[in-house]
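In: Need a 3D model of the following:
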Amino acid sequence: MSVYNNRQIPLKYRFYLIVGILALIMTGCATIRPPSGQLPVERKMLVTGYCRCGECCGWKRNWIGLPVVASGSRKGAPKKIGICADGSRAKYGTIAADPTKYPFGTIMYVEGYGYGIVQDTGGKVKGEHIDIFFRDHTQAQQWGAKKNMVVKIWMQ
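Out: Numbers count the residues shown, from 1 in each chain. Model (predicted):
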């Protein structure tokens, strides 16, 4: 015998349940944690923000409305919007970094943002520069370019 005895869950409780589930799915970096027992390396870095828009990620729509790379050697090539260089989907907690310095899977902590994991690259992201993902362009712009931030890094 069920607790509700075939009664429906009231609408307001269904709403809270759905919102709670969506919050868990969208938190992203809430599940990223550094490896236990490993001490971080601290580095001063340029930390910028980006989102999945064409302005941040260098894509535009072609004449038939499909997203393509806007410039560079791959100009006009099809672009998968929101897909990282490692094949995962970009979400809060995704970091773009220079893969020669910080390989995919490197965990970082940025003050004011939280934990993130390197899953992406960027044409302008070289050396001691990382780009942190935001869900929308306004948030990325509000972050701006935070120069010389100390970032904690756990190499994989």
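In: contacting residues around Arg33?
Out: Arg33 sits next to 107, 115 when contact means CB atoms under 8 Å, 6 or more residues apart in numbering. Quick note: C-beta positions are derived from backbone N, CA and C, even for glycine.
In: How about the secondary structure of it?
Out: Here Arg33 is recorded as coil under DSSP: H, G, I helix; E, B strand; the rest coil.
In: Could you give the secondary structure assignment for the residue nearest to Gly116 when sequence neighbours are not counted?
Out: What sits nearest to Gly116 in space, not counting adjacent residues and going by CB to CB, 6 or more residues apart in numbering, is Ile95, at 4.2 Å. Per three-state DSSP, the secondary structure class of Ile95 is strand.
In: pLDDT weak spots in the protein?
Out: 1-30 (pLDDT under 70).
In: can you map out the helices along it?
Out: 11-26, 54-57, 137-143 (DSSP state H).
In: Against Leu66, how distant is the residue nearest in space to the middle of the chain?
Out: Note on the chain: the residue nearest the mean C-alpha position is Thr94, at 2.7 Å, using CA atoms, centre = their mean. To Leu66, Thr94 is 23 Å away according to CB to CB, to the nearest Å.
In: buried ones in stretch 45-55?
Out: Of the residues in stretch 45-55, 45-52, 54 count as buried by neighbour count, 16 or more other CB atoms under 10 Å.
In: tell me which of the residues you listed is nearest to Gly105?
Out: Nearest to Gly105 among these, counting by CB to CB, is Met45 at 17.7 Å.
In: Bridged to that closest one, which residues?
Out: Applying DSSP bridges to Met45 gives these bridge partners: Met149.
In: For it, give me its contacts.
Out: Met45 neighbours (CB under 8 Å, 6+ apart): 128-130, 148-151.
In: Mind giving me the PyMOL select for those residues, buried ones only?
Out: This is the PyMOL syntax for the buried subset of those, where burial follows 16+ other CB under 10 Å:
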select buried, resi 129+130+149+151
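In: hmm, which two among the contacts of Met45 are most spread apart?
Out: Across the contacts of Met45 (CB to CB), the longest gap, 14.1 Å, separates His129 and Val150.
In: Strands of this protein, start to end?
Out: 41-50, 59-61, 67-69, 94-96, 107-110, 114-120, 129-133, 145-154 (DSSP state E).
In: from the chain's centre, how far out does the last one sit?
Out: Its chain's C-alpha centre and that of strand 145-154 lie 16 Å apart, by CA atoms, centre = their mean, to the nearest Å.
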